[in-house]
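K.L.:
build the 3D model from these lines:
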Amino acid sequence: MSKLLVILGLLAILVPAGVKADPVSEATVRAFQKNLIRHHYRNDAPYSFLPQVLVYANLYNLRHIQANWERLELTFRQKSFREFKEAGLEMFFWLMLLESGADPNRISPQGAIGLYQVMPSSAKSVCSLMRPDLFDPQKNAECALKIMQRCQSLRGWQAQAICYNGKLESCPWRGYQNCLALKVKNGNRGVLESLHFPVKLFLFQKVGETFFLTDLQEFFSFERLNPVCADASY
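P.N.:
Down below sits the predicted model:
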């Protein structure tokens, strides 16, 4: 009995309080959507578009993402999360949930491949990878991280997200969101994806932290005892 108490005590020390995930259920998804609007909906862009993209965080979609997430190797998820966090790009780790639904075999109509929907041309020029390499989750994530690091010189996660999405040419960055909104108002529906991309990233970051963080407890336990970098604020 005393040995059991010692083990439980060690677990309590090693696993930080609050690092747990909600199960994906109708009730938890509904509560997630309600809390997100309550705490993060604002009048300024991109948060003003939160109600428009919240539909992507529905029960069917999150269960599909959960199934894909659980098929990815645990060691890969933990290693990849650590690499993104140490690069100061922790938020962008969750981009896999938005880009591919955590499906390493997904191919977009435009030809982007894998977890982070990397274009073969970018993979070749930035990462020296060939098209088949992008179906490897580890190679795909590492290449995506290299591409994102090229956007780190831009100030703020919104600009970095738009840079990764390759849509900066749609409008000048100064007043970018307002420029896109005006284009939509004038009938250009083709820029909706660009308009919504940053807030979609924000949404799926919250999805990841709410529903899929438990699997990364090993990293958080390690980090608590051996901090490698300060948390980024968004």
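
K.L.:
now stretch 52-65: buried residues?
P.N.:
53, 54, 56, 57, 61, 62, 65 (16 or more other CB atoms under 10 Å). From N, CA and C alone the C-beta is placed, and that goes for glycine too.

K.L.:
now that stretch - C-alpha only, CSV.
P.N.:
The C-alpha atoms that make up stretch 52-65 are tabulated as CSV, following Å, rounded to 0.1, in the frame of the first residue of the first chain:
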residue,chain,number,x,y,z
GLN,A,52,-18.1,32.3,-39.5
VAL,A,53,-15.4,29.7,-39.1
LEU,A,54,-16.7,28.0,-35.9
VAL,A,55,-18.7,25.6,-38.1
TYR,A,56,-15.4,23.8,-38.8
ALA,A,57,-15.3,22.7,-35.1
ASN,A,58,-18.3,20.5,-35.4
LEU,A,59,-18.7,17.1,-33.8
TYR,A,60,-18.3,15.1,-37.0
ASN,A,61,-15.2,17.0,-38.0
LEU,A,62,-13.5,16.7,-34.6
ARG,A,63,-14.2,13.0,-34.4
HIS,A,64,-12.6,12.6,-37.8
ILE,A,65,-9.6,14.6,-36.7
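
K.L.:
the closest residue to residue 113 other than its chain neighbours - how many residues pack around it?
P.N.:
Nearest non-adjacent residue to residue 113, counting by CB to CB, 6 or more residues apart in numbering: residue 134, 4.0 Å away. By other CB atoms under 10 Å, 27 other residues sit near residue 134.

K.L.:
TSV please, covering the buried residues of stretch 52-65 and showing secondary structure.
P.N.:
Listed next are the buried residues of stretch 52-65 as TSV, based on DSSP: H, G, I helix; E, B strand; the rest coil:
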residue	secondary structure
53	helix
54	helix
56	helix
57	coil
61	helix
62	helix
65	helix
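
K.L.:
name the nearest residue to the spatially most central residue of the chain, ignoring sequence neighbours.
P.N.:
Geometric centre of the chain, nearest residue: residue 94, 1.8 Å, by CA atoms, centre = their mean. Counting by CB to CB, 6+ apart, residue 208 is the residue found nearest to residue 94 once chain neighbours are left out, at 3.9 Å.

K.L.:
tell me, how many residues neighbour the one you found?
P.N.:
Neighbours around residue 208, by other CB under 10 Å: 23.

K.L.:
for it, what is the enclosing helix or strand?
P.N.:
Take DSSP states H and E as the rule and residue 208 turns out to sit in helix 192-211.

K.L.:
that helix - what's its average pLDDT?
P.N.:
For helix 192-211, mean pLDDT rounds to 91.

K.L.:
for it, packing partners?
P.N.:
If contacts are counted by 3 or more CB pairs under 8 Å, 6 or more residues apart in numbering; DSSP states H and E, helix 192-211 sits against helix 26-40, helix 50-53, helix 59-71, helix 90-93, helix 95-99, helix 157-165, helix 176-185.
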